[in-house]
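Undergrad: Here is my input; please provide its structure:
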Amino acid sequence: MRAIAGEAIFEVADLLAEGHGKIPIRCYRPCDTDTPLPVIVFFHGGGFVAGSVDTHDALCRALCRESGANVVSVEYRLAPEHAYPAALDDCVSAIRWLAKGSDELKLDCDRLALCGDSAGGYLAVATAIAMRLRPGSPNIRHVGLLYPVVDPACDTASMQTLGDGYILSRDAMKWFWQAFRGKGNDRQDLSLLSKDLSGIGAVLIITAEFDPLRDEGAQLAQAFSAAGVEATVCCYDGMIHGFASLLPITPFARKAVQQLAVEINRGFAG
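TA: Numbers count the residues shown, from 1 in each chain. Now for the predicted structure:
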């Protein structure tokens with residue numbers, strides 16, 4: 001995955017969070033202020049096997065500028081070398097490390113949102129669930145998802161009709177799940193649709209018309225609503241999987257980032 005050059009931001013710093021070893025994170029600050037700003041923790045996509053803070057640098061810069069919040073991008077361990085739950089452990093550990101050092105880092109972790117695209121969207125929801133179950137963890141005000149990975153079954157209508165010829169294929173998605181699951185977790189149900197989704201802040205799910213994952217996003221929104229969580233799903237007509245990263249190419253990428261920023265800030269204000 002090649003990185004797209006991003007826009008200028010007041011400050012960008014690469015740090016190492018503590019967890020199961022050192023976890024690389026990239027912190028984006030939108031302005032020069034001593035006032036702690038709210039935090040958006042971002043988990044990159046890449047099918048659980050690829051991607052980095054570099055591949056999603058432009059997207060994180062845009063989200064930082066549009067939201068006016070600090071954005072922290074997490075470089076979690078990748079499959080298949082590091083199967084489930086390694087990536088999830090890194091995501092949770094990074095947030096707990098940020099919360100402990102919030103004063104020094106000038107972060108307002110009482111106003112915390114999670115965001116992710118594709119596989120990173122899966123990790124954002126899984127992290128929100130894990131944080132809810134751990135006493136003393138910061139409260140998640142909002143979860144913003146871009147065309148999230150949801151269910152290893154890969155059997156929705158959109159996966160069947162769009163699973164070949166639209167960037168992301170059904171066969172590739174099945175392989176990503178296999179790599180992520182690993183040999184020791186073959187009996188564990190990793191679908192987000194089987195999880196208790198209650199007690200999580202409001203959720204925005206952005207999907208794309210020509211994305212095999214489109215219907216999974218809609219299913220996830222329904223599952224959140226059934227669990228009593230305010231959930232909104234917005235499908236971008238004519239778009240493909242990964243479109244929000246195409247900031248120099250399509251205006252819909254900027255529009256999606258702006259929509260995320262507006263909804264996340266609404267969660268911060270609530």
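
Undergrad: How far off centre is stretch 259-270?
TA: 15 Å (Cα atoms, centre = their mean, to the nearest Å).

Undergrad: do the same with stretch 86-102
TA: Worked out by Cα atoms, centre = their mean, stretch 86-102 lies 14 Å from the chain centre.

Undergrad: For it, buried residues please.
TA: 86-99, 102 (16 or more other Cβ atoms under 10 Å). From N, CA and C alone the C-beta is placed, and that goes for glycine too.

Undergrad: next one: stretch 175-189
TA: For stretch 175-189, by 16+ other Cβ under 10 Å, it's Phe176, Trp177, Gln178, Ala179, Phe180, Arg181, Gly182.

Undergrad: Report the rounded mean pLDDT for stretch 19-37.
TA: Averaging pLDDT along stretch 19-37 gives 94.

Undergrad: Now do the residue lying closest to Lys174 once chain neighbours are set aside: how many residues are near it, please.
TA: Once flanking residues are discounted, Lys174 sits nearest to Cys154: 5.5 Å by Cβ to Cβ, 6 or more residues apart in numbering. Neighbourhood size, Cys154 [other Cβ atoms under 10 Å]: 20.

Undergrad: One more: the one 10 residues further on?
TA: Neighbourhood size, Asp164 [other Cβ under 10 Å]: 12.

Undergrad: For Val41, see how far away Leu107 is.
TA: 10 Å (Cβ to Cβ, to the nearest Å).

Undergrad: which neighbours do the two share?
TA: By Cβ atoms under 8 Å, 6 or more residues apart in numbering, Leu107 and Val41 have these common neighbours: Leu98.
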